[in-house]
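Chemist: When you get a sec, could you give me coordinates for this:
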Amino acid sequence: MAEEKDLSLNAVRAFVQVARDNSVTRASKALGITQSSVSRHVAVLEEYFGAKLVERRGRQSHLTDFGRLFADAVAEPLDTILFTAKRMRRNGRKDANRLVVRTSLATFAYTVLIPNLREFSKEMGGVTVDVISTLSAPTSTDSFDVLLTRDLTLTEPGDRWDVYDEQLVCVGAPDCVAGRGLKALRNTPVIAVTSRPDILPTWLRGLDLKTSDITSGARYDHHYLALPAVTTGQNLLVTPHILVADLIRQGLLEVLSGSRAPSGMQYRAYAIDRSSNPDVARAFCRWLTRLCRKMTEEDVPAQ
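Modeler: Just a heads-up that it's a prediction; the model follows:
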C-alpha cells in the first residue's frame, strides 16, 4: 500500500484565500506569492481529496460544492491557528527592544509623533520605534505592536487609549492674521486639504458660517504639504490644532481669535494583545496620551 501523503497547511491557507477572494490573482497578492504557486497549492489539495475544489470561469475562481464545504469547515480554525502561532512567537523575537507603530495619521506622525520619539526612547532605555503609515485596515496577520488612528477599526483584542479629541482652528502667518480674527476670512484664501474633505464643512458648521463666507484657496493632498504654504504665504488653513501647536509656540503661525471648533473626531491608540512587546506597547500609549495633553495645554490661547 502506498504511503498516505500529509495534508499541506500552506495549500489549505492558499485555498482558503482563493475562497475568500474568488480570485487566484487577488489571493496571490494577499499571500505575497505568485499566481502559479497558488494554483499549485490548490492542485495539491485537489489531488489529496480526489475531487475538484475550484472551477475557473474567466478571471474568477468559483468553488465547487465540495470546495465550499471544505472552505466553510476550515477557514475559521485556520485563522485561529495562524493567530495563536503568531501570539506565541513573541518570546522568540530576536529584537526585543523594538516597537512597531502603525498609523493612518501621516501628518500627526510627521509633526507630533516622530519629533518627540527620542523622549520616549530615552524613557524606555533606548527602545527603537518603527513607524509605518498606511490607510488600509489592519488584519490579524499584519506585524505591528501599536495602532494609532482616527478612522480605522481594530478587530482584534487590544487595550485602547483616547489620546486626543480633535479641535479645529484656523491659522495663518502672523503678518497675514495680524490680530484681525475672523475678519481675515473675508479677503484671505483658505487652503483646502483634499485628504480631509470633512474639515472645512465641519468647521464652518461649528462657527455658524457658510461656504460663501470664505475665499477658496489652493488645494493640497495632505496637511504636511499645506503647512509650509500657510507659514510662508498669504493664506489661511483650517487644521487640527495639535498639528500646528508647535508652529504656534514658535511664532510661525497664529490662531484666528474665535476660530476654535470641535470636529467630533478622536485619535485613539491601541496596544494589541499579540504584541511582541506588550508592556512597551502600553507604555507607549500612555506616553503618547501625556504628550498630546501637554502639547495642547501649553499652547497660548488666541487673544
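
Chemist: from the middle of its chain, how far away would the longest helix seen in the chain be?
Modeler: Assignment by DSSP state H gives helix 65-88 as the longest helix of the chain. Computed by Cα atoms, centre = their mean, to the nearest Å, the separation of helix 65-88 from the middle of its chain amounts to 26 Å.

Chemist: Could you list the residues in contact with the next helix or strand after that helix?
Modeler: Scanning forward in sequence from helix 65-88 by DSSP states H and E, the next helix or strand is strand 98-103. Contacts with strand 98-103, where a contact means Cβ atoms under 8 Å, 6 or more residues apart in numbering, come from 109, 113, 127-134, 138, 142-149, 277, 280-281, 284. Placement of C-beta: from N, CA and C, glycine included.

Chemist: at 7 Å instead, please
Modeler: Applying Cβ atoms under 7 Å, 6 or more residues apart in numbering, the contact partners of strand 98-103 are 109, 127-134, 138, 143-149, 277, 280-281, 284.

Chemist: rewinding a little: give me the contacts around the longest helix of the chain.
Modeler: With Cβ under 7 Å, 6+ apart, helix 65-88 has contacts from 12-13, 16, 19, 51, 53-54, 63, 140-141, 274.

Chemist: Now which of those would you call buried?
Modeler: The neighbour-count criterion (16 or more other Cβ atoms under 10 Å) marks 12-13, 16, 19, 53-54, 63, 274 among the contacts of helix 65-88 as buried.

Chemist: okay if I get those as a markdown table plus secondary structure, pLDDT and distance to Ala43?
Modeler: A markdown table is the format used below for the buried ones among the contacts of helix 65-88 (DSSP: H, G, I helix; E, B strand; the rest coil; pLDDT from 0 to 100; distance: Cβ to Cβ, whole Å):
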| residue | secondary structure | pLDDT | distance to Ala43 |
| --- | --- | --- | --- |
| Val12 | helix | 92 | 13 |
| Arg13 | helix | 91 | 15 |
| Val16 | helix | 92 | 15 |
| Ala19 | helix | 90 | 15 |
| Leu53 | coil | 91 | 9 |
| Val54 | strand | 90 | 9 |
| Leu63 | strand | 90 | 15 |
| Arg274 | coil | 85 | 33 |
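
Chemist: closest to Glu119 among those?
Modeler: Distance ranking of the buried ones among the contacts of helix 65-88 against Glu119, using Cβ to Cβ, places Arg274 first at 26.7 Å.

Chemist: From Val146, how far out is the closest one?
Modeler: Between Arg274 and Val146 the computed distance is 12 Å (Cβ to Cβ, to the nearest Å).

Chemist: Name the SS class of Arg205, please.
Modeler: The local conformation at Arg205, judged by DSSP: H, G, I helix; E, B strand; the rest coil, is helix.

Chemist: where's it relative to Pro262, distance?
Modeler: Distance from Arg205 to Pro262, by Cβ to Cβ: 11 Å.

Chemist: any common contacting residues for these two?
Modeler: Here Arg205 and Pro262 share no contacting residue, scored by Cβ under 7 Å, 6+ apart.

Chemist: tell me the SS of Val169?
Modeler: What three-state DSSP gives for Val169 is strand.

Chemist: Kind regards, and thank you for your time.
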